[in-house]
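A.B. asks: how would this look folded up:
(one chain, ligands or ions: 2)
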Amino acid sequence: MSLRIYDSARHCIVDFEPVKAGHVGIYLCGATVQGSPHIGHVRSAIAFDVLIRWLRRSGYQVTYVRNVTDIDDKILNKSAEAGWDWWAWAYRFEQEFAAAYRALGVLPPTYEPRATGQIPEQIALTQRLIDAGHAYSDGNGNVYFDVKSLKDYGSLTRQKLSDMRTTEDESQIDSQIEAGKRDPRDFALWKAAKESEPETAKWDSPWGKGRPGWHLECSAMSRRYLGEAFDIHGGGIDLRFPHHENEQAQSHGAGWPFAKYWMHNAWVTIKGEKMSKSLGNSLVVSEILKTTPAAVLRLALGTTHYRSTVEYSPETLEQAGETWNKFSSSLARFAQAAPEVAQASAQELAEVSLPEAFCEAMDDDLNIAAAQAVVHEKIKQANTAFESGKNDEGAQVAIQIRAMLEILGLDPLSAQWREADSGNDSAAAAALEKLVADQLEQRVEARKEKDWARADGIRDRLSAAGIVIEDGASGSTWHLG
Ligand SMILES: Nc1ncnc2c1ncn2[C@@H]1O[C@H](COP(=O)(O)OP(=O)(O)OP(=O)(O)O)[C@@H](O)[C@H]1O
Ligand SMILES: [Zn+2]
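C.D. replies: Numbering: from 1, shown residues only. Ligands and ions are numbered 1, 2, ... in the order given. Sure, this is the predicted structure:
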């Protein structure tokens, strides 16, 4: 069996056949870096991380592009309110997103272009669309895409033009932009600079100073890094319209075949409602990570099917914590019984044969529940093998378990999570330091009161726990004996 995916343009499961044999080009709409990432924001990066790991494991050479939208109305407004330069504001949150991705074990994309780094390409694309008769300037510095000029406008989301009211992002409708449109359904490719906007947010163009509309960057950047035709375009479900419809219109209008398949991930909800800053129910990743191990959060977000909603509650994390403990304690036990389990290199893990049922599940539009069931089954099998002294068989199965978990980004013995554990080690060391310091203080008090029995009792109890006390002129120090 080979990979089958749900193509959200065709609304059905299809065989995945790459544009170029052996290669896969993927474009994922990345973050608009206007604020701290909440767990809804990182879901798509995690979902597509699993896809990319699986494609690589299936032998494809993957070029993966995830952009950063570092300029838009929200960034300009929020930075102005806060008294920051817009670019400093955007960079601050770009770094927060990067830290969240790193903490959650999301592999870096092959290329991560910023919208502001591709202005000449976006100007050239706008000009190309004007030349092709798909765009027009209003004479006031704005350029619009003429939706009626493109036969397949609406085809991605199966909508008739006659049923549409607008094709702009409704949260960002701007009266100045609306004024120059020949048709209210046209959308902006280039926006004339406004008096109130900072000079650094204005670029020269054939239509005067301004900046690109939001949809344009993805058409320009996907072409630059993936070419005119590429395999998979991904993003959150809300991006299908108008963003992806408009991206496709721009690229088709330019004469480029664009994405062959479309994949969209579902929401993270809380009490059934979309997690969202504006609804005030969002949980910032860095806050959750203060109390929850990153692997547990990744498990909670990444082991629900990407097209199903993740309903978040404290129980979601609790359950994920239990599963993670099972994965990590099982592998720690297996590695203790057979050191080769922990020593297996990334290369070995990438080459070890995987259980057929796991591959079938992953090939079935990333059926992660069925794939996880195989992991649990194999944990049972390894347990039985080790218990009956068949260490070689146990080790072989345990290495398969690691390889499967690595595809889900959840191998507890991988460098990512081993390092996280060493983070736990330092937390444990800090806790020990505090407890021993407490005991030493009490011993000092006991000695001051000439309560020798109590002082000796403390020393003996510490010594029984493997802690040696050295008394010196400037007080007592301790070390592990
Ligand atoms: N709860 C969520 N679940 C999954 N993806 C989400 C969620 N919230 C946002 N996203 C993804 O992140 C992208 C950017 O989200 P956006 O900036 O609209 O965040 P938000 O928290 O909904 O903010 P706002 O309330 O200001 O609209 C969205 O287009 C969407 O693809
Ligand atoms: Zn996009």
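A.B. asks: going forward, measure contacts between C-alpha atoms and count neighbours the same way
C.D. replies: Fine.
A.B. asks: Ligand 1 contacts on the stretch 151-300 of the chain?
C.D. replies: Within the stretch 151-300 of the chain, the positions adjacent to ligand 1 are 235-236, 238-239, 266-269, 274-278 by C-alpha under 6 Å from any ligand atom.
A.B. asks: so which of those residues comes closest to Leu480?
C.D. replies: Val268 (46.1 Å; C-alpha to C-alpha).
A.B. asks: ok, back up a step: filter the residues of the stretch 151-300 of the chain next to ligand 1 down to just the buried residues.
C.D. replies: The neighbour-count test (16 or more other C-alpha atoms under 10 Å) applied to those identifies Gly235, Gly236, Ala266, Trp267, Val268, Thr269, Lys274, Met275, Ser276 as buried.
A.B. asks: Sort out for me which of these are in strands.
C.D. replies: Among these, the members found in strands (DSSP state E) are Gly235, Gly236, Val268, Thr269, Lys274.
A.B. asks: Could you identify the most distant pair in the residues you listed?
C.D. replies: Farthest apart among those by C-alpha to C-alpha are Gly235 and Thr269. That separation is 16.7 Å.
A.B. asks: before we move on, back to that, redo the ones in strands among the buried ones among the residues of the stretch 151-300 of the chain next to ligand 1 as JSON lines? Include pLDDT and distance to Ala295.
C.D. replies: Shown next, in JSON lines, are those (pLDDT from 0 to 100; distance: C-alpha to C-alpha, whole Å):
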{"residue": "Gly235", "pLDDT": "98", "distance to Ala295": "23"}
{"residue": "Gly236", "pLDDT": "97", "distance to Ala295": "22"}
{"residue": "Val268", "pLDDT": "97", "distance to Ala295": "17"}
{"residue": "Thr269", "pLDDT": "97", "distance to Ala295": "20"}
{"residue": "Lys274", "pLDDT": "96", "distance to Ala295": "23"}
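A.B. asks: any chance of the residues you listed in CSV, plus distance to Lys78?
C.D. replies: Formatted as CSV, these follow (distance: C-alpha to C-alpha, whole Å):
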residue, distance to Lys78
Gly235, 24
Gly236, 23
Val268, 24
Thr269, 25
Lys274, 22
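A.B. asks: Looking at these, which one is closest to Ser353?
C.D. replies: The closest of those to Ser353 turns out to be Gly235 (C-alpha to C-alpha; 31.1 Å).
A.B. asks: partners of that closest one in the sheet?
C.D. replies: Beta-bridge partners of Gly235, counted by DSSP bridges, are His264.
A.B. asks: what ranges do the strands span in the stretch 1-150 of the chain?
C.D. replies: Counting by DSSP state E, counting those that start in this stretch, the stretch 1-150 of the chain has strands at residues 4-7, 12-15, 23-28, 61-66, 135-137, 143-145.
A.B. asks: Next: the stretch 201-350 of the chain.
C.D. replies: 210-212, 229-236, 258-265, 268-270, 273-274, 310-312.
A.B. asks: Out of the strands of the stretch 1-150 of the chain, the one nearest Val375 is which?
C.D. replies: The closest of the strands of the stretch 1-150 of the chain to Val375 is strand 4-7. By C-alpha to C-alpha, the value is 21.1 Å.
A.B. asks: Convert the C-alpha atoms of the closest one to CSV, please.
C.D. replies: Output of strand 4-7 as CSV, limited to C-alpha atoms (Å, rounded to 0.1, in the frame of the first residue of the first chain):
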residue,chain,number,x,y,z
ARG,A,4,-3.5,7.9,0.5
ILE,A,5,-4.5,11.3,1.8
TYR,A,6,-7.7,13.3,2.1
ASP,A,7,-7.6,16.0,-0.5
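A.B. asks: what comes into contact with that strand?
C.D. replies: For strand 4-7, contacts defined as C-alpha atoms under 8 Å, 6 or more residues apart in numbering pick out Cys12, Ile13, Val14, Asp15, Phe16, Tyr261, Trp262, Met263, Asp363, Asp364, Asp365, Leu366.
A.B. asks: so which residue of the stretch 101-250 of the chain comes closest to ligand 1?
C.D. replies: Gly236 (3.5 Å; C-alpha to the nearest ligand atom).
A.B. asks: so who does that residue touch?
C.D. replies: For Gly236, the contact set (C-alpha under 8 Å, 6+ apart) comprises Ser44, His264, Asn265, Ala266, Trp267.
A.B. asks: can you rerun that using 6 Å?
C.D. replies: By C-alpha atoms under 6 Å, 6 or more residues apart in numbering, the residues touching Gly236 are His264, Asn265.
A.B. asks: mind checking how far it is from ligand 2?
C.D. replies: 10 Å (C-alpha to the ion, to the nearest Å).
A.B. asks: circling back to that earlier point, please identify the most buried of the strands of the stretch 1-150 of the chain.
C.D. replies: Sort these by mean neighbour count, taking mean count of other C-alpha atoms under 10 Å, and strand 143-145 sits at the top with a mean of 28.
A.B. asks: Okay, now the sheet partners of that strand, with direction.
C.D. replies: Its sheet considered, strand 143-145 pairs with strand 135-137 (antiparallel), strand 187-192 (antiparallel) by DSSP bridges.
A.B. asks: got TSV for the ones you listed, with distance to ligand 2 too?
C.D. replies: What follows is the strands paired with strand 143-145, written out as TSV (distance: least, C-alpha to the ion, whole Å):
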stretch	distance to ligand 2
strand 135-137	19
strand 187-192	13
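A.B. asks: a markdown table for these, including mean pLDDT?
C.D. replies: A markdown table is the format used below for the strands paired with strand 143-145 (pLDDT from 0 to 100):
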| stretch | mean pLDDT |
| --- | --- |
| strand 135-137 | 98 |
| strand 187-192 | 97 |
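A.B. asks: for these, which one sits closest to Phe327?
C.D. replies: strand 187-192 (49.1 Å).
A.B. asks: and that closest one, how far from the chain's centre?
C.D. replies: 29 Å (C-alpha atoms, centre = their mean, to the nearest Å).
A.B. asks: quick one: the nearest residue to Ile467 once chain neighbours are set aside and Asp460, what's the gap?
C.D. replies: Among residues not flanking Ile467 along the chain, Leu480 sits closest, at 4.6 Å (C-alpha to C-alpha, 6 or more residues apart in numbering). Using C-alpha to C-alpha, to the nearest Å, we find Leu480 at a distance of 14 Å from Asp460.
A.B. asks: and these two? which has more neighbours close in?
C.D. replies: Asp460 (15 against 10; other C-alpha atoms under 10 Å).
A.B. asks: Please enumerate residues in contact with the helix or strand encompassing that one?
C.D. replies: Here Asp460, judged by DSSP states H and E, is contained in helix 452-464. Outside helix 452-464, the residues that touch it by C-alpha under 6 Å, 6+ apart are Arg443, Ala446.
A.B. asks: how does it look with 8 Å?
C.D. replies: If you take C-alpha under 8 Å, 6+ apart as the criterion, helix 452-464 is touched by Val436, Gln439, Leu440, Gln442, Arg443, Val444, Ala446, Arg447, Val468, Ile469.
A.B. asks: Note down every partner strand of the helix or strand following that helix and its orientation.
C.D. replies: As assigned by DSSP H and E, the chain's next helix or strand after helix 452-464 is strand 467-472. If you go by DSSP bridges, strand 467-472 pairs up with strand 475-480 (antiparallel).
A.B. asks: now the strand it pairs with: how far from the chain's centre is it?
C.D. replies: For strand 475-480, the distance to the chain centre is 45 Å (C-alpha atoms, centre = their mean).
A.B. asks: Same list (the contacts of strand 4-7) but as a markdown table, adding pLDDT.
C.D. replies: Below are those laid out as a markdown table (pLDDT from 0 to 100):
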| residue | pLDDT |
| --- | --- |
| Cys12 | 98 |
| Ile13 | 98 |
| Val14 | 98 |
| Asp15 | 98 |
| Phe16 | 98 |
| Tyr261 | 98 |
| Trp262 | 98 |
| Met263 | 98 |
| Asp363 | 98 |
| Asp364 | 98 |
| Asp365 | 98 |
| Leu366 | 98 |
